[in-house]
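S.K.: Need the 3D shape of this:
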Amino acid sequence: MRIDIITIFPEIFTPLDVSIVKKAKEKRLVEIVIWNLRNFSKDKHKKVDDKAYGGGKGMVLKCQPIYDAVENIKKENKEGKVILTSPTGEVFNQKLAKKLSQEKGLIIICGHYEGVDERVKKICDYEISIGDYILTGGELPTMVIVDSVVRLIKGVLPEDAPVYESFYNYIFDWPCYTRPKNFRGMKVPEVLLSGNHKEIEKWRKKIAIERTKEKRPDLYEKYIKQGGENDIEKS
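M.R.: All right, here's what the predicted structure looks like:
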């Protein structure tokens, strides 16, 4: 997969050079290209924003540099789906991450300031928010999206690894423990020390379901709707 990122702060993306994303790039399973939006400005001062029509505080990213950037990138990332990070977008979740991981390419526009000219949305396939809170710009949401998507690309992780992570099928992961067995009086559950893998799996599933029901009843409800009752009966 090829992922192109359009931003006015290209230097912020160093976290994409470590951990799982770095390994994916080294395996050539993903190519990530960072584009400075200012390089597409036709303004002599490389300005990419302007005041909003109708007044108000803050600046708005202009159409021209963004349209030109996307059109230029499309010459190479021909099938790339265009994403705009925006507080008015669809809330990002694991289901959407999986869908995006199956695309041939992505082109992500990092929103900033008071937002982008509304006409930019005409060239976007997705408008995505990572939550109901305010950030300075779309760079951090973009890194969240990229990290979440890349780990789902075939070959990046062991084939069954995503199945055992939180939010797979709407259920949290189970509690994890490591040495020592007893830390300040807090003991590892006996079942995990038993060596009985069938009972361990049963316990883990039961606890995962219970903690999801307690902490995120909204996810638990989705889990039940997709047929989770069968798992509950088995646990």
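
S.K.: Alpha carbons of stretch 18-33, as CSV, please.
M.R.: What follows is stretch 18-33 as a C-alpha-only set of coordinates in CSV (Å, rounded to 0.1, in the frame of the first residue of the first chain):
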residue,chain,number,x,y,z
VAL,A,18,9.7,3.6,14.5
SER,A,19,8.1,0.3,15.7
ILE,A,20,5.5,-1.6,13.6
VAL,A,21,5.2,1.1,10.9
LYS,A,22,9.0,1.2,10.4
LYS,A,23,9.1,-2.6,10.0
ALA,A,24,6.2,-2.5,7.5
LYS,A,25,8.2,0.0,5.4
GLU,A,26,11.4,-2.1,5.7
LYS,A,27,9.4,-5.1,4.4
ARG,A,28,8.1,-2.8,1.6
LEU,A,29,4.5,-3.6,2.6
VAL,A,30,3.8,0.1,2.8
GLU,A,31,5.3,3.2,1.3
ILE,A,32,4.6,6.5,3.1
VAL,A,33,5.3,9.8,1.4
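
S.K.: can you pull the buried residues of stretch 129-138?
M.R.: Within stretch 129-138, the residues that count as buried by 16 or more other Cβ atoms under 10 Å are S129, I130, G137, G138. Every residue, glycine included, has its C-beta placed from N, CA and C.

S.K.: can you give me the helices in this protein?
M.R.: Secondary structure of the chain by DSSP state H: the helices cover 19-26, 63-74, 94-101, 139-150, 197-215, 217-223, 229-234.

S.K.: Make a markdown table out of these and add distance to M1.
M.R.: Converted to a markdown table, those look like this (distance: least, Cβ to Cβ, whole Å):
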| stretch | distance to M1 |
| --- | --- |
| helix 19-26 | 9 |
| helix 63-74 | 14 |
| helix 94-101 | 8 |
| helix 139-150 | 8 |
| helix 197-215 | 30 |
| helix 217-223 | 27 |
| helix 229-234 | 32 |
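
S.K.: Let me know which of the ones you listed is tucked in deepest.
M.R.: Stretch with highest mean neighbour count among the helices of the chain: helix 139-150 (a mean of 21; mean count of other Cβ atoms under 10 Å).

S.K.: Which strands or helices does that one pack on?
M.R.: With contacts taken as 3 or more Cβ pairs under 8 Å, 6 or more residues apart in numbering; DSSP states H and E, helix 139-150 sits against strand 2-7, helix 19-26, strand 81-91, helix 94-101, strand 105-109, strand 126-129.
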